[in-house]
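Enquirer: Predicted model, plus sequence, below.
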Amino acid sequence: MAKVALLTGVTGQDGSYLAELLLSKGYEVHGVVRRSSSFATGRIDHLRRGYGTNGSRLQLHYGDLGDATGLRRIIEQVRPDEVYNLAAQSHVRISFDQPEYTADVVGLGALRLLEAIRDHNVRHKRSVRFYQAGSSEMFGKAVELPQRETTPFHPRSPYACAKCYAHWQTVNYREAYGLYATNGILFNHESPRRGENFVTRKITRSATRIKLGLQDKLLLGNLQARRDWGFAGDYVEAMWLMMQQPQADDYVIATGEHHSVQEFLELAFDRVGLDWRKYVEADERYLRPAEVDVLMGDASKARRVLGWQPKVNFSQLVNMMVDADLELAERELRTLGR
Ligand code: NAP
Ligand code: F7E
């Protein structure tokens with residue numbers, strides 16, 4: 001019998017890579033999608049068109065992390081072995097504009113799932129496993145570097161505060177009810193599927209569009225912030241590994257290197273043969289009321305216990321994203337008939 005996985009956030013960057021990984025491992029995969037006025041399934045359409053033998057094993061269900069009744073119904077119907085909670089209002093800057101909504105979806109959303117699983121387990125004598133998509137943003141203001149599982153949290157945004165709530169509820173359900181509930185504390189991870197308003201993708205998309213004459217300028221905020229950037233494809237493997245252990249636990253997933261936004265800019269523009277200084281302008285709309293200056297993780301526990309390590313390094317990641325966006329910009333140019 002194939003294992004059954006339920007993914008919230010299946011239409012997002014990580015959801016699409018994790019769905020691919022689980023399908024390749026023979027899972028039956030179910031995803032929660034929220035209703036929107038236009039389709040948001042662009043990242044997973046290739047999995048639904050039935051390519052290979054995979055297509056029929058990805059099934060979508062309408063649901064929302066704000067709607068506990070719907071989530072419970074989906075869990076009852078799907079009877080998953082593993083639930084991966086990837087759904088979130090995941091943009092840190094936007095969480096300052098929408099703090100209450102972010103807390104509801106990111107914080108209470110995780111609690112709604114935990115409660116649904118707890119009841120489902122008791123009712124059906126099952127032991128559904130739960131993965132919570134935690135974030136390095138929870139470390140926030142650097143109290144130590146590198147940050148590891150034991151580093152105290154100091155969140156610096158409504159998003160990070162909500163992730164801390166979800167983290168501690170996950171620990172609490174593990175301790176109080178014996179749920180197999182695991183927190184992945186993932187540092188920034190990127191890919192050609194990254195949302196276009198996160199800084200890495202904004203840079204690679206703009207550098208390539210500027211190169212082809214589709215755009216003149218790139219407006220950015222703080223160039224000095226430093227992040228530990230890895231590849232999303234590597235990070236979803238860590239999620240799966242965490243869910244296969246005999247005991248649930250919490251793990252930091254990171255590359256152990258940090259680079260500034262400016263370094264990312266330099267590499268990306270170099271890749272297309274441009275000098276970033278000629279095109280980048282400062283725009284205070286992209287500054288945050290409280291910034292996280294530097295994040296760098298120590299993933300030695302994941303290496304030791306899970307046998308996990310990243311395969312893609314920083315410059316390979318930048319090149320992969322630039323090359324994919326160059327193809328996208330070329331397609332855009334052709335569509336315009338230029
Ligand atoms: P993403 O691309 O922004 O995807 C977020 C997903 O959540 C999308 O599928 C989105 O649906 C869905 N969603 C948003 N609000 C929802 C709601 N109310 N109900 C149901 N679904 C909702 O994020 P990601 O980069 O893949 O990240 C996955 C998870 O890891 C998130 O929880 C994020 O906070 C966390 N995380 C990410 C990183 C990173 O560097 N990427 C690092 C640490 C933790 P639509 O497609 O309809 O918008
Ligand atoms: O910002 C600076 C910005 O929005 C990175 C999410 O996946 O990772 C992500 O959160 C840095 C920040 O990612 C712009 O101030 C400068 O210092 O790409 P970002 P993030 O805030 O680190 C964590 C781990 C998550 O969990 C989140 O879900 O870049 N920056 N100029 C800018 N950032 C943006 N977005 N746009 C700019 O124009």
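Expert: That came in fine, so what should we check first? Ligands and ions are numbered 1, 2, ... in the order given.
Enquirer: For Gln215, which non-adjacent residue is closest in space?
Expert: Nearest non-adjacent residue to Gln215, counting by Cβ to Cβ, 6 or more residues apart in numbering: Arg209, 4.0 Å away. Where C-beta positions appear, they are placed from N, C-alpha and C, glycine not excepted.
Enquirer: wait, is that neighbour part of a helix?
Expert: Yes: counting by DSSP: H, G, I helix; E, B strand; the rest coil, Arg209 falls inside a helix.
Enquirer: Can you tell me how far it is from Glu281?
Expert: 15 Å (Cβ to Cβ, to the nearest Å).
Enquirer: Looking at those two, which has the bigger crowd around it?
Expert: Arg209 (20 against 9; other Cβ atoms under 10 Å).
Enquirer: pretty sure the more buried one contacts Ala329?
Expert: Yes: the pair Arg209 / Ala329 is scored as a contact, 5.1 Å apart, by Cβ atoms under 8 Å.
Enquirer: and for those two, which residues touch both?
Expert: Counting by Cβ atoms under 8 Å, 6 or more residues apart in numbering, Arg209 and Ala329 have no common neighbour.
Enquirer: just to revisit the earlier point, separation between the residue nearest to Gln215 and Gln247?
Expert: To Gln247, Arg209 is 48 Å away according to Cβ to Cβ.
Enquirer: And Gly134, by the same measure?
Expert: Counting by Cβ to Cβ - Gly134 and Gln247 are separated by 17 Å.
Enquirer: which of those two has more neighbours?
Expert: Shown here are Gly134 and Gln247; by other Cβ under 10 Å, Gly134 has more neighbours (24 against 8).
Enquirer: residues in contact with the more buried one?
Expert: By Cβ under 8 Å, 6+ apart, the residues touching Gly134 are 163, 166-167, 170, 183-186, 250.
Enquirer: For this structure, which residues score under the pLDDT cut-off?
Expert: Across the chain, the ranges flagged by pLDDT under 70 are 49-56.
Enquirer: mind giving me the domain split of it?
Expert: Domain assignment for the chain by automatic domain parsing gives 4-191+229-253, 199-226+258-294+313-335.
Enquirer: and the end-to-end length of the last one?
Expert: Going back to what we said before, that points to domain 199-226+258-294+313-335. Length of domain 199-226+258-294+313-335, first residue to last, Cα to Cα, to the nearest Å: 26 Å.
Enquirer: Give me the contact status of that domain with ligand 1.
Expert: No: applying Cβ under 6 Å from any ligand atom, one finds domain 199-226+258-294+313-335 separated from ligand 1 by no less than 9.2 Å.
Enquirer: looking at the domains of the chain, which is buried most?
Expert: Comparing the domains of the chain by mean neighbour count (mean count of other Cβ atoms under 10 Å), domain 4-191+229-253 ranks first with a mean of 20.
Enquirer: Report the distance from that domain to the chain centre.
Expert: 9 Å (Cα atoms, centre = their mean, to the nearest Å).
Enquirer: end-to-end on that domain?
Expert: 24 Å.
Enquirer: touching ligand 1 at all, it?
Expert: Yes: Domain 4-191+229-253 comes into contact with ligand 1 (Cβ under 6 Å from any ligand atom), by way of 8-9, 11-15, 32, 34, 36, 40, 64-66, 86-90, 105, 133, 135, 186, 188-189.
Enquirer: Sitting in strands, which of the residues you listed do you find?
Expert: Members of those lying in strands (criterion: DSSP state E): 8, 32, 133, 135, 186, 189.
Enquirer: Hmm, Gly9 and the third one touching each other?
Expert: In other words, Ala133. Yes: with contact defined as Cβ under 8 Å, Ala133 reaches Gly9; the gap is 7.4 Å.
Enquirer: re the thing from before, any chance of JSON lines for the contacts of Gly134, columns distance to Asp45 and secondary structure?
Expert: Output for the contacts of Gly134, formatted as JSON lines (distance: Cβ to Cβ, whole Å; DSSP: H, G, I helix; E, B strand; the rest coil):
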{"residue": "Lys163", "distance to Asp45": "29", "secondary structure": "helix"}
{"residue": "Ala166", "distance to Asp45": "29", "secondary structure": "helix"}
{"residue": "His167", "distance to Asp45": "32", "secondary structure": "helix"}
{"residue": "Thr170", "distance to Asp45": "31", "secondary structure": "helix"}
{"residue": "Asn183", "distance to Asp45": "30", "secondary structure": "strand"}
{"residue": "Gly184", "distance to Asp45": "26", "secondary structure": "strand"}
{"residue": "Ile185", "distance to Asp45": "31", "secondary structure": "strand"}
{"residue": "Leu186", "distance to Asp45": "25", "secondary structure": "strand"}
{"residue": "Asp250", "distance to Asp45": "34", "secondary structure": "strand"}
